[in-house]
Every structure is written in structure tokens, then in C-alpha cells.
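# here is a sequence with its predicted model. Questions after.
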Amino acid sequence: MSQQNLPIADLRKSYERAELNEDASDADPLGQFDKWLSDAIAAQVPEANAMTLATVAGDLRPSTRVVLIKGFDARGIVWYTNYHSRKGVELAGNPYAALQFHWVELERVVRIEGLVEKVSAEESDAYFHSRPLDSRIGAWASPQSEVISSRSVLVVNAAKYGAKFMLQPPRPPHWGGYRLKPDNWQFWQGRKSRLHDRLRYTQLPDASWLRERLAP
């Protein structure tokens, strides 16, 4: 079957697993997120910690990629990456970003927007040294987002840095964590007949949260 003949327009699913209402949702979006992430992990959703990160370049061209959440608290959502990567360069020019979790099996989506900052060097060091050795060497071996001639570049780099650092590679100065400080959350629960539940939390000047229902 050719790509043109794929019946993608006919692919449909009725969402009927759960509901999301104001009475049952947490007044604090962080509490609601904690519950839903815990639900996803308990349900053994594949890659429950995977989230799409959207950034915007200086020419206003957006880009997305999937990263892994590595922590969250009242300060925000944390992930780690190469600061010289495309996302790192774009965040340096425009520190606002958006995250999205999509837990297909639970028919749930969480969207988060806010200002991004680097985590402290101490936090980055602590997480880096908790990683498997191969991952720590990989942070040195990959010039992330740069053009390379072949995969052999990565293999050679990994061998070089493995021999140089042995079992104790330090954290590369170009590698570390980011924290998105949310000022807007949206929680989406699929419902029958496309009449989905959608709650938005907007941070107010006094740091409290306004919870509103949006039409799907």
C-alpha cells in the first residue's frame, strides 16, 4: 500500500477511560502532575518519564525533541542535556519553553509552559555522577547537534575519552541540567465524543493558581 493510500483519515479512537473535573483535581498543579505521573509509572506506561520539549530559535522557528524528566518540585521540572546542542543554543537566546507529556494508554496529556534556567553546578554534578559509566563517557563523546561524518566518530571519541578518564570521567563543562519554572499548566483527559476534559492552571501575581476549564 502506498503512503498516499494509507487510511490515516479514518483512524479514530473513543476515549472512555477516565474523567477530569474540578472537584476531583488538585488545587495545585504540581500536586495534580505528581498524581498523574505516579499513575503513569504504576500503570507501566512505556517511557512514562518522556516529555516533548519545544524551544524557539532567534528567527522564531520552533523545534521539538523528546527528553526525559529527571526531577521536579516546587521550583520546576528538570532535565539534563548538552548546553551546546540546538536546544541549548535556542534556550540561551530565548529562555521560554514548553513541555508536553502524552500518556497514550491513560488517554492523558499534560502541557507545561514557563521560563527555563540552568540548575546549579552542584545539582548537575550530583546527577552526572549517578549515571552509568557509558552514559558519562557518552556525554564527552557526542558533539550533540553537530554534523559528523559517520558513527565511527562517536565510537572513536568514546574510546578516546574512556581511555583518558577511565572510571572517573568528570562532568563536561558543556553538559548539565535545565529547570523549567511553570507559570501555565494544562491537563487533558480524553473523553467520549471528543468532549474532552481540559483544565488550565495559570499562576497569579501572588504565586497562587487560577484553575479554569477550557473547551476541548
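Good, I have the coordinates. Numbers count the residues shown, from 1 in each chain.
# point to the residue nearest the middle of the chain.
M51 (3.2 Å; Cα atoms, centre = their mean).
# what sits against it?
66-69, 77, 79, 99-101 (Cβ atoms under 8 Å, 6 or more residues apart in numbering). For every residue, glycine as well, the C-beta is placed using N, CA and C.
# helix, strand or coil for it?
strand (DSSP: H, G, I helix; E, B strand; the rest coil).
# most neighbours among the contacts of M51, which one?
In terms of neighbours by other Cβ atoms under 10 Å, the contacts of M51 top out with I77 at 24 neighbours.
# tell me if I am right that it is in a helix.
No - looking at I77 with three-state DSSP, it is strand, so not inside a helix.
# report the beta-bridge partners for it.
Note on I77: beta-bridge partners F72, L180, judged by DSSP bridges.
# that one touches P182, doesn't it?
Yes - the pair I77 / P182 is scored as a contact, 7.0 Å apart, by Cβ atoms under 8 Å.
# what touches both of the two?
Residues touching both I77 and P182 (Cβ under 8 Å, 6+ apart): I112.
# ok so, going back, any chance of CSV for the contacts of M51, columns pLDDT and distance to Y178?
Below are these laid out as CSV (pLDDT from 0 to 100; distance: Cβ to Cβ, whole Å):
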residue, pLDDT, distance to Y178
V66, 98, 15
V67, 98, 9
L68, 98, 12
I69, 98, 11
I77, 98, 9
W79, 98, 6
L99, 98, 11
Q100, 98, 16
F101, 98, 16
